[in-house]
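Visitor: Generate a structure from the sequence data that follows.
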Amino acid sequence: MTTDNMTFQKFREKHEISMEDLCRKIFNENRESIKIKKEETAVRNLMTIFSATLDLAMEKGFNAMTLRDLSKKSELSMGCLYSYFSSKEELLDLIQTQGRMAGMTILSSTVKEAKEPVEKFRMAVRSHLYLSEVMQKWFYFSYMETKNLSKAQHRKSIENELFTEQIFADILEEGQKAGIFKIEGALLTAAVIKSMLQDWYLKRWKYKKRNISVEAYADFVISFVEAAIRP
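Guide: Here you go, the predicted structure:
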């Protein structure tokens, strides 16, 4: 698949990203700590717990949310919740870690499919935007709740942001060496590109109100940046 024919729908079909897929990975990677052993039951409850958590976080903030709020929202007992995690901090860690790993894996793999710097840049922009569209609540939650992370998780969150910026910086430097791009600073340019990508999921309401699709926004970001970096 090239970036020219990578529509949002084709991206979703190829990567099969869903809350169920993420929760199944979480279950398989935390089998020892999760007390529910029937996979389908555990995955179904994890989907309910995470969906309720993301909704509550958007309504009142994760820090203000109590486990009793979560129990009421998810319609799962307190005892059931403690079968999956022992504290809010552990719940936050589960959500952050899995979302972060999914994003890094998919972004890296899609960029590797392209051979030329221009194609890599376009693929990276579309992949990041499409991924954040599929996992909008997850992306929004991860960004907004960074302030509540433990030092270790906060460090991982920063590393993730720098990881994404480095992907774009590497592409820009490759293009500069090939004479395709002309930039003053790869890291600073990458940071600006990252900010434009974050605006999509942090201010989703604005683009929805203006009836701008994720594909139209991807086209705009690509055209806008290329106008600045192409000689």
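Visitor: From here on, just use CA atoms for contacts and neighbour counts.
Guide: Noted.
Visitor: burial of Asn5, as a residue count?
Guide: Each residue near Asn5 was counted by other Cα atoms under 10 Å, and the total is 9.
Visitor: Same question for the one 10 residues further on.
Guide: His15 has 11 neighbouring residues, counting by other Cα under 10 Å.
Visitor: what does the one 4 residues further on give?
Guide: Other residues near Met19 come to 20 when the count uses other Cα under 10 Å.
Visitor: how long is stretch 171-182 end to end?
Guide: Stretch 171-182 has its terminal residues 12 Å apart, counting by Cα to Cα, to the nearest Å.
Visitor: Do me a favour and average the pLDDT over that stretch.
Guide: Average pLDDT, stretch 171-182: 95.
Visitor: which residues sit against that stretch?
Guide: 117-118, 120-121, 183, 186, 190, 229-231 (Cα atoms under 8 Å, 6 or more residues apart in numbering).
Visitor: which is the next helix or strand following the helix or strand hosting Thr48?
Guide: Using DSSP states H and E, the element containing Thr48 is helix 39-60. Later in the chain than helix 39-60, the nearest helix or strand by DSSP H and E is helix 67-74.
Visitor: immediately after that following helix, which helix or strand?
Guide: Next along the chain after helix 67-74, taking DSSP H and E as the criterion, comes helix 78-81.
Visitor: Buried residues, the helix or strand just after that following helix. List them.
Guide: Next in sequence after helix 78-81, counting helices and strands by DSSP H and E, comes helix 88-112. Judged by neighbour count (16 or more other Cα atoms under 10 Å), helix 88-112 contains these buried residues: 91-96, 98-100, 103, 106-107, 110-111.
Visitor: what's the closest of the residues you listed to Arg31?
Guide: The shortest approach to Arg31 among these belongs to Leu94, at 12.6 Å (Cα to Cα).
Visitor: Can you pull the poorly scored residue ranges out of the protein?
Guide: Counting by pLDDT under 70, the chain has low-confidence residues at 1-4, 16, 149.
Visitor: again, only this time at 80
Guide: Along the chain, the parts satisfying pLDDT under 80 run over 1-5, 15-18, 96-103, 145-161.
Visitor: so how many other residues sit close to Tyr140?
Guide: Using other Cα under 10 Å, Tyr140 has 20 other residues around it.
Visitor: From Leu54, how far off is it?
Guide: Where Leu54 is concerned, Tyr140 sits at a distance of 9 Å (Cα to Cα).
Visitor: And Ile17, by the same measure?
Guide: Distance, Ile17 to Leu54, using Cα to Cα: 17 Å.
Visitor: Same check on Ala186?
Guide: 34 Å.
Visitor: swap in Arg210?
Guide: Arg210 is 25 Å from Leu54, where distance means Cα to Cα.
Visitor: Between these two, which is the more surrounded one?
Guide: Set Arg210 next to Leu54 and count neighbours by other Cα under 10 Å: Leu54 wins out with 18 against 8.
Visitor: ok, that one - contacts?
Guide: The contact partners of Leu54, by Cα under 8 Å, 6+ apart, come to 137-138, 141.
Visitor: Let me have those residues in JSON lines, adding neighbour count as columns.
Guide: As requested, the contacts of Leu54 are exported to JSON lines (neighbours: other Cα atoms under 10 Å):
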{"residue": "Lys137", "neighbour count": "18"}
{"residue": "Trp138", "neighbour count": "22"}
{"residue": "Phe141", "neighbour count": "23"}
